[in-house]
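K.L.:
Requesting a structural model of the entry that follows:
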Amino acid sequence: MSLPRSTLPEIPVPNGADPLRDPALYLNRELSQLNFNFRVLAQAMDAQVPLLERLRFLCISCTNLDEFFEIRAATVRHALDFGLPPGPDGLSPATILSLIHDRAAELVDAQYQCWNQVLRPALAEAGVRILGTAQWNARQTRWLRAYFRDEIMPVLSPLGLDPSHPFPKILNKSLNVVVVLKGKDAFGRSGHLAVVRAPRSLPRTIHLPQRVSGGEHDFVLLSSVLSCFVHELFPGMEVKGAYQFRVTRNSELVMDEEEVDNLALALRDELAGRGYRPAVRLEIARDCPNAIVRTLLQNFELTENAVYRIDGPVNLNRVTQVYDLVQRPELKYPAFTPRTLNDSESIFDRIDESDVLLHHPFDAFTPVLELLRQAAVDPNVLAIKQTLYRTGKDSPLVEALVLAARNGKDVTVVVELLARFDEDANLGVADRLQEAGAQVVYGVVGYKTHGKMLLIVRRVGRKLRRYVHLGTGNYHSGTARAYTDLGLITANPEIGSDVHLLFQQLSGMSSGTRLKRLLQSPFTLHAGLLKKIEREARLAKAGRPARIIAKINALNEPRVVRALYAASQAGVQIDLIVRGACTLRPGIASVSDNIRVRSIVGRFLEHSRVYWFGNDGNPETYCASADWLERNLLRRVEVCFPILDPQLAERVYREALQNYLDDNCNAWQLDADGNYRSLVPADGQAPHSAQMALLAQL
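P.N.:
Prediction:
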């Protein structure tokens, strides 16, 4: 299968420029990120995927697109407003915004074709019906009218637009209906336009009772109910039309951390206004008259290239509620039980024997939770230090930290308040930990703390010993069942010492410290990565074995890309498994013809980061919290850790690298033109899905 092809304009190359800085060698990050959502959508179109899982993939592609506009498109608009120069790809912000609109419009059309022509009919055939107004029978219509009057109408506040009622504030991504009216109201005012906002307290998907509908799994969308009965909000007026719309706003927080005295208080103030920041996208019903679209654009200060006309519900991602409401195991992926450690022994005794490697979700997250739980009640544990980026609601990990603090342990937690879209939750976590007596710090001003570290100091005999957990993913029990990630639990003294120094750096004021085993952003990881890539290039030039394999979520750091190009020119064989955005162009003659880039999209979100260097037959294996992005390598606190146990290093190579290079079922190959094509088993070749192979090992 091939995705709809994207095209980029030709960029002139300055005379005398470094050939590896040629803009033609670089893909645009934003467009590459959009292409990832086409690959997610392809899962929704795949008949081999269970039907409700296909619905979930469709909704994920819609949610991803929302976030793309909130963050990536908003960042490009910011660059345009402030006259920032082009990036390595040579494209101006204005050009990028135009290309984003064209490519995103293709994606939106594909999403609604998938919904209208494929999934909705297939779901109906399977007994899961999402009924439009034209499909309601008389009994359903009566029930829905009563539901509207009893459950919906009392919380609505329609607003007629006139000089005394200006256009209301529209919350980011909220469901709204613009209504065209004719006639005069009780005050003699002539009607023209009104806006009905759907409060977020209202369910977006309404499950019809079986006694009313006759089907066990019949649903109606709130947008359909509003459109059908909106006339009841305007008695005595004639409703000439009702058109749903949704506006997406810039959700990047703008806050000068160096200018605030209390980051938590400043963040609370900033969050209060996030839902009403400048608009970046308008979604509107396809049949909405142009005059009304122009009115909306004028109100939101948008231009035509921000409009997306929708053939269906503007908040299609909300249909994901159907996945949770329908308990039909045959329409979902089979349930699985992750592997776990033998829980009959002390986890500290287990770590004393050897390092522990966890490959989530195939290995359970419970050993990490158990490590904290045992530490919280163990009288020999003196101190616990932890970084938290995303933890989820009602986290058992936070409960263990609270228990440890109440039991008199010295608990220090570095809470990253600026974890995007989790800021409010992290403020709550910080408050809860402080109330329990834990010391909470907010990291380093200007550098997000994205590294995943846990340090436990425990007395063993007459000495203190450090136990460490390092991971590629967040301390979040939920995502540990949905994302692929790697974690290492170790009592290695050098790694323990390094982690201790990093916590000193984060919670105190210390100068840069030389670490023995770990690489750290923003100090040593970028330079260390370049050094290792350049070493492989030197080995290849000398005729020695040289190889690089990396599994990451995204790649855009220009110096890393240039180093990879140079290594390819030197003869290094390079395989990159990049889930999302990738600005490197593989397969260019004499530049990147030794580089292959693939993306894996399957049941689980690929999230683990692994760097592997052949090193003349003495391979080095690293896991990390960092992707090869500018922000991760230069503007965040990240941790990259080696897998020192040879057996565990071999396991990482086999499970997280070679296994994915063998995938011919869920793999997409990136071509030099920036387009992806789906890989399928060759004639006589057995199908191999990396994720399914790991599940089979259970």
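
K.L.:
Quick one: distance of the longest strand anywhere in the chain to the chain centre.
P.N.:
Ordering each strand of the chain by length in residues (DSSP state E) puts strand 238-249 first. Put simply, strand 238-249 sits 29 Å off its chain's centre (CA atoms, centre = their mean, to the nearest Å).

K.L.:
Looking at that strand now, give me its mean pLDDT.
P.N.:
Averaged over strand 238-249, pLDDT sits at 94.

K.L.:
Tell me which residues of it come out buried.
P.N.:
239, 241, 242, 243, 244, 245, 246, 247, 248, 249 (16 or more other CB atoms under 10 Å). In this view, the C-beta of every residue, glycine as well, is placed from N, C-alpha and C.

K.L.:
residues contacting the third one?
P.N.:
When contacts are counted by CB atoms under 8 Å, 6 or more residues apart in numbering, residue 242 is found next to 177, 178, 179, 180, 226, 227, 230.

K.L.:
still on that earlier bit, sheet-wise, list the partners of the longest strand of the chain with their directions.
P.N.:
strand 176-182 (antiparallel), strand 279-285 (antiparallel) (DSSP bridges).

K.L.:
which of the buried residues of strand 238-249 lies closest to residue 366?
P.N.:
Using CB to CB, residue 248 comes nearest to residue 366 of the buried residues of strand 238-249, at 38.1 Å.

K.L.:
Confirm for me that that closest one is in contact with residue 68.
P.N.:
No - using CB atoms under 8 Å, residue 248 is not in contact with residue 68, being 9.4 Å away.

K.L.:
Next, show the common contact partners of the two.
P.N.:
Going by CB under 8 Å, 6+ apart, no residue sits against residue 248 while also sitting against residue 68.

K.L.:
which SSE is residue 201 in?
P.N.:
According to DSSP states H and E, residue 201 maps onto no helix or strand at all.

K.L.:
Can you spell out the domain ranges of the protein, please?
P.N.:
Following automatic domain parsing, the chain resolves into domains at 19-110, 127-331, 348-517, 520-696.

K.L.:
Quick check: which of the strands paired with strand 238-249 is buried the most?
P.N.:
When you average the neighbours per residue for each of the strands paired with strand 238-249 (mean count of other CB atoms under 10 Å), strand 279-285 leads with a mean of 23.

K.L.:
Please work out which residues outside it touch it.
P.N.:
For strand 279-285, contacts defined as CB under 8 Å, 6+ apart pick out 69-70, 73-74, 77, 243-250, 293, 296-297, 300-302, 306-310, 314.

K.L.:
Any chance of a ChimeraX selection covering the buried ones in those residues?
P.N.:
The ChimeraX command for the buried members of the contacts of strand 279-285 (criterion: 16+ other CB under 10 Å) is given here:
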select :69,70,73,74,77,243,244,245,246,247,248,249,250,293,296,297,300,302,306,307,308,309,310,314
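
K.L.:
coming back round to it: which one of the strands paired with strand 238-249 lies closest to residue 117?
P.N.:
strand 279-285 (18.2 Å).

K.L.:
roughly how far out does the closest one sit from the chain middle?
P.N.:
For strand 279-285, the distance to the chain centre is 22 Å (CA atoms, centre = their mean).

K.L.:
Can you name the element that comes right after it?
P.N.:
helix 290-300.

K.L.:
That following helix - what's its average pLDDT?
P.N.:
93.

K.L.:
which other residues reach whichever helix or strand comes after that helix?
P.N.:
Once the chain leaves helix 290-300, the next helix or strand it forms, by DSSP H and E, is strand 307-310. Around strand 307-310, the neighbours that count as contacts under CB under 8 Å, 6+ apart are 104-105, 108, 112, 244, 281-286, 288, 293, 297, 316.

K.L.:
what separates strand 307-310 from the chain centre, distance-wise?
P.N.:
Counting by CA atoms, centre = their mean, strand 307-310 comes out at 24 Å from the chain centroid.

K.L.:
so what secondary structure elements neighbour the helix or strand just after it?
P.N.:
Next along the chain after strand 307-310, taking DSSP H and E as the criterion, comes helix 320-325. Here helix 320-325 touches helix 51-67, strand 205-207, strand 217-221, going by 3 or more CB pairs under 8 Å, 6 or more residues apart in numbering; DSSP states H and E.

K.L.:
Looking at the ones you listed, which is nearest to residue 645?
P.N.:
helix 51-67 (35.7 Å).

K.L.:
Would you mind writing the CA trace of that closest one as PDB?
P.N.:
Extracted C-alpha coordinates of helix 51-67, given in PDB (Å, rounded to 0.1, in the frame of the first residue of the first chain):
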ATOM      1  CA  LEU A  51     -13.100  -3.400  13.500                       C
ATOM      2  CA  LEU A  52     -13.300  -1.400  16.800                       C
ATOM      3  CA  GLU A  53      -9.500  -1.100  16.700                       C
ATOM      4  CA  ARG A  54      -9.800   0.400  13.300                       C
ATOM      5  CA  LEU A  55     -12.200   3.000  14.700                       C
ATOM      6  CA  ARG A  56      -9.700   3.700  17.400                       C
ATOM      7  CA  PHE A  57      -7.000   4.300  14.900                       C
ATOM      8  CA  LEU A  58      -9.200   6.700  12.900                       C
ATOM      9  CA  CYS A  59      -9.800   8.700  16.100                       C
ATOM     10  CA  ILE A  60      -6.100   8.700  17.000                       C
ATOM     11  CA  SER A  61      -5.300  10.200  13.600                       C
ATOM     12  CA  CYS A  62      -7.900  12.900  14.300                       C
ATOM     13  CA  THR A  63      -6.600  13.600  17.800                       C
ATOM     14  CA  ASN A  64      -3.000  13.700  16.400                       C
ATOM     15  CA  LEU A  65      -4.100  16.200  13.800                       C
ATOM     16  CA  ASP A  66      -5.600  18.400  16.600                       C
ATOM     17  CA  GLU A  67      -2.400  18.400  18.500                       C
END
